[in-house]
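K.L.:
This is the structure alone, sequence omitted:
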């Protein structure tokens, strides 16, 4: 049977002193290490979240930059195509004008040559007619 005597109070005091000493020497440092570790993990998680957000922001900015560059490139391309089409129309117009001018010169020269040949042949028609008449009739006219 258990007898309650003075040793019980000594054991209670011994237990309380042991808890106090263990708390100072063992539990507080372990709790401090656990709290420090938790703070460090929380800080690292916040850093990861911040870097992830920064990466998303940079990715969005990069995508926007590429989109803007494409739009700018397409606008420049359209401008260059319009400019090239206008230049092509001008060049074709100039070539057509030159061709028309050359064609008019050639027609004028051909008409002039034809008139010269016609005048030359007109002067020789009488001679040719006499020669043909002499050959057909067989005598001089």
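P.N.:
Thanks, I have the structure now. Bear in mind that the values here come from a model prediction, so they are computed numbers and not experimental data. Numbers count the residues shown, from 1 in each chain.
K.L.:
Report the separation between residue 57 and residue 46.
P.N.:
For residue 57, the distance to residue 46 equals 16 Å [Cβ to Cβ, to the nearest Å]. The C-beta positions use only the backbone N, C-alpha and C, and glycine is treated the same way.
K.L.:
What strand or helix carries residue 106?
P.N.:
Residue 106 belongs to helix 28-137 when assigned by DSSP states H and E.
K.L.:
Give me the distance from that helix to the chain's centre.
P.N.:
17 Å (Cα atoms, centre = their mean, to the nearest Å).
K.L.:
what pLDDT, on average, does that helix get?
P.N.:
Mean per-residue pLDDT for helix 28-137: 93.
K.L.:
For the helix or strand containing residue 18, what does the pLDDT average out to?
P.N.:
Per DSSP H and E, residue 18 falls inside helix 6-22. Helix 6-22 shows a mean pLDDT of 92.
K.L.:
for that helix, packing partners?
P.N.:
The contact analysis (3 or more Cβ pairs under 8 Å, 6 or more residues apart in numbering; DSSP states H and E) places helix 6-22 against no helix or strand.
K.L.:
That one: how far from the chain's middle?
P.N.:
81 Å.
K.L.:
who touches that helix?
P.N.:
Applying Cβ atoms under 8 Å, 6 or more residues apart in numbering, helix 6-22 turns out to have no external contacts.
K.L.:
what angle separates it from helix 28-137?
P.N.:
For helix 6-22 against helix 28-137, the angle by axes from the mean of the first three to the mean of the last three Cα atoms, to 10 degrees is 30 degrees.
K.L.:
residue contacts, residue 137?
P.N.:
Counting by Cβ under 8 Å, 6+ apart, residue 137 has no contacts.
K.L.:
Kindly report the same for residue 52.
P.N.:
If you count contacts by Cβ under 8 Å, 6+ apart, residue 52 has none.
K.L.:
and residue 140, how many residues sit next to it?
P.N.:
7 (other Cβ atoms under 10 Å).
K.L.:
Then residue 95?
P.N.:
Residue 95: 10 surrounding residues under other Cβ under 10 Å.
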